[in-house]
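Colleague: Output the structure for:
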Amino acid sequence: MGTSGSGPLEGVRVADFSRVLAGPYASMMLADFGADVIKVESPAGDDTRSWTPPVDEHGVGTYFSSVNRNKRSVVCDLRTDEGLARAKELALSSDVIIENFRPGVMKKFGLDYETLHALKPDLIYCSITGFGSTAGAHLPGYDLLVQAVGGLMSVTGSLDSEPSKVGVALVDVVTGQNAALGILAALRHKDATGQGQRIDVNLLSSLLAGLVNQASSTLATGEAPQRMGNAH
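Modeller: Below you'll find the predicted structure:
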C-alpha cells in the first residue's frame, strides 16, 4: 500500500480499525497529509480486498487500492488474546483511532473510547456509523440505503425516471471527509490543551448536510425538490 511521507501531519500516528470506504477514505486523507496510518485488518482482510475484478497492475483490487494508499497494514485477530493484546498496544501508542464497527463492538473488545480515554486522556477517537449511536444505531449503514433514506436518490435522475443512486458511494466519501475534518480540528485542540476528543460521524447526518440548497429550499418552502436530470 505504500507508506506516508513528510507533511503537516508527520509524527501523528493513526490506528485505523475501519474497513470498506468511509473510514479508510478518512485515514487515507490523513496519510496523504503525512500521518503514519496503520491499517488494522482481520485475518480475512478488508472486505474490499476481495471485491475483484478489476485489479491494478499489482493484482490488487482497484476498490481497495483507491482508499488505502500510504498506509501500513497489520493483522490482528481480535478473537484471540494475542491479537487483542497487539491491538490494544497499538491503540495506546497512537494519537488517533478510527473505527466503523457497529455500536458496542469495540466496547466488547475493550477498545471503546471510555476504556482507552481513561488510559490515554489525549487520545482522539473517531467513530463512523450509519445512523448514529442512539435511535437507529442498529440499522445497517450502507451507502445505498442512506442515499434512499436521506433523499439523495429522490433528486437524482430525470423527472420522468425513477429515483436513482449516484454512480459512486458518494455518502461514504462525504462522511470520510467529515471524519478527517473533525480529526484535524481535534488535533488542533490537542495541541492547544493536551486533551483528546471523541468524534462521532454518521452517514445520514453527512448526507443531510450535503443536500445543501435542496435541503434549504425544502425547509424554506415546504415543497420537496424535483429531479432535474442535467438541468441546473
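Colleague: what sits against Ser154?
Modeller: Contacts were defined as C-beta atoms under 8 Å, 6 or more residues apart in numbering; by that measure Ser154 touches Pro163, Ala224, Pro225, Arg227. Using the backbone N, CA and C atoms, a C-beta is placed for each residue, glycine as well.
Colleague: A helix includes it, no?
Modeller: Yes - residue state for Ser154 (DSSP: H, G, I helix; E, B strand; the rest coil) corresponds to a helix.
Colleague: Next one: it relative to Gln226, how far apart?
Modeller: Here Ser154 is placed at a distance of 9 Å from Gln226 (C-beta to C-beta, to the nearest Å).
Colleague: Do you have the strands of this structure handy? List them.
Modeller: Assigned by DSSP state E, the strands in the chain fall at 13-16, 36-41, 71-75, 96-99, 124-129, 198-202.
Colleague: Comparing the ones you listed, which comes out most buried?
Modeller: Comparing the strands of the chain on average neighbours per residue, with mean count of other C-beta atoms under 10 Å, the densest one is strand 96-99 at a mean of 27.
Colleague: re earlier: and the contacts of Ser154 as CSV, adding distance to Lys88, neighbour count and pLDDT?
Modeller: Converted to CSV, the contacts of Ser154 look like this (distance: C-beta to C-beta, whole Å; neighbours: other C-beta atoms under 10 Å; pLDDT from 0 to 100):
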residue, distance to Lys88, neighbour count, pLDDT
Pro163, 45, 14, 94
Ala224, 48, 11, 91
Pro225, 48, 15, 90
Arg227, 49, 17, 93
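Colleague: Regarding the protein, what is its longest helix?
Modeller: Longest helix in the chain by number of residues (criterion: DSSP state H): helix 170-193.
Colleague: Go ahead and produce PDB holding the CA coordinates of that helix.
Modeller: Below are the C-alpha coordinates for helix 170-193, written out as PDB (Å, rounded to 0.1, in the frame of the first residue of the first chain):
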ATOM      1  CA  LEU A 170     -20.800   9.400  -2.500                       C
ATOM      2  CA  VAL A 171     -22.200   9.400   1.000                       C
ATOM      3  CA  ASP A 172     -19.300   7.300   2.200                       C
ATOM      4  CA  VAL A 173     -16.900   9.800   0.600                       C
ATOM      5  CA  VAL A 174     -18.500  12.800   2.200                       C
ATOM      6  CA  THR A 175     -18.600  11.100   5.500                       C
ATOM      7  CA  GLY A 176     -15.000  10.200   5.300                       C
ATOM      8  CA  GLN A 177     -14.100  13.800   4.500                       C
ATOM      9  CA  ASN A 178     -16.200  15.000   7.500                       C
ATOM     10  CA  ALA A 179     -14.400  12.500   9.700                       C
ATOM     11  CA  ALA A 180     -11.000  13.700   8.500                       C
ATOM     12  CA  LEU A 181     -12.000  17.300   9.100                       C
ATOM     13  CA  GLY A 182     -13.200  16.500  12.700                       C
ATOM     14  CA  ILE A 183      -9.900  14.800  13.400                       C
ATOM     15  CA  LEU A 184      -7.900  17.700  12.200                       C
ATOM     16  CA  ALA A 185      -9.900  20.000  14.500                       C
ATOM     17  CA  ALA A 186      -9.300  17.600  17.400                       C
ATOM     18  CA  LEU A 187      -5.600  17.600  16.700                       C
ATOM     19  CA  ARG A 188      -5.600  21.400  16.900                       C
ATOM     20  CA  HIS A 189      -7.500  21.200  20.200                       C
ATOM     21  CA  LYS A 190      -5.000  18.600  21.500                       C
ATOM     22  CA  ASP A 191      -2.100  20.900  20.600                       C
ATOM     23  CA  ALA A 192      -3.700  23.800  22.500                       C
ATOM     24  CA  THR A 193      -4.900  21.900  25.600                       C
END
